[in-house]
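Novice: Got a sequence here, can you build the structure:
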Amino acid sequence: MAKVQPVVIRRQQKHEAEQAIEDLLVRGFEIVSSLKQENQQSEVLNIYSFEQKRFQVEDYSSPWIAKMMRVVQ
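Specialist: The predicted structure follows:
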């Protein structure tokens, strides 16, 4: 019975993600989703005086993401 090993690569630097992909390709993994930069922004609800609600957008650095898998026998 064959098992599928999914792997999600998530790195802050593009060259680190590319190196991780190369290392896994050597080990027999296949690329499911190519390397792309995820745009991450989160909205945080801040409550000010007089019960006014406002959203503050926090900008985080966007990670590089790729999905890979390997079929193990």
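Novice: shaky segments in the protein?
Specialist: Flagging of the chain using pLDDT under 70 yields the residue ranges 39-61.
Novice: Let me see the ranges of the strands in it.
Specialist: 3-11, 30-37, 41-47, 53-59, 64-72 (DSSP state E).
Novice: Between strand 30-37 and the last one, find me the angle.
Specialist: Between strand 64-72 and strand 30-37, the angle formed by their directions is 170 degrees, by axes from the mean of the first three to the mean of the last three C-alpha atoms, to 10 degrees.
Novice: between strand 64-72 and strand 3-11, how many degrees?
Specialist: Using the same axes, to 10 degrees: strand 64-72 against strand 3-11 is 160 degrees.
Novice: helices or strands up against strand 64-72?
Specialist: Judged by 3 or more C-beta pairs under 8 Å, 6 or more residues apart in numbering; DSSP states H and E, strand 64-72 is in contact with strand 3-11, helix 14-26, strand 30-37. Any C-beta I mention is one placed from the backbone N, CA and C, and that applies to glycine too.
Novice: residues in contact with the longest one?
Specialist: Put plainly, it is helix 14-26. 7, 9-11, 31, 35, 37, 64-66, 68, 70 (C-beta atoms under 8 Å, 6 or more residues apart in numbering).
Novice: same check, this time on stretch 63-73
Specialist: 2-14, 16-17, 20-21, 24, 27-38, 40.
Novice: Pull out the buried residues from these.
Specialist: Neighbour counting with 16 or more other C-beta atoms under 10 Å marks 9, 11, 17, 20-21, 24, 29, 35 as buried within the contacts of stretch 63-73.
Novice: from those residues, which two are the most distant?
Specialist: 11 and 29 (15.5 Å; C-beta to C-beta).
Novice: what is residue 70 paired to in the beta sheet?
Specialist: residue 5 (DSSP bridges).
Novice: Next, count neighbours for it.
Specialist: By other C-beta atoms under 10 Å, 14 other residues sit near residue 70.
Novice: Equivalent analysis for residue 68, please.
Specialist: Quick note: residue 68 (other C-beta under 10 Å) scores 19 neighbours.
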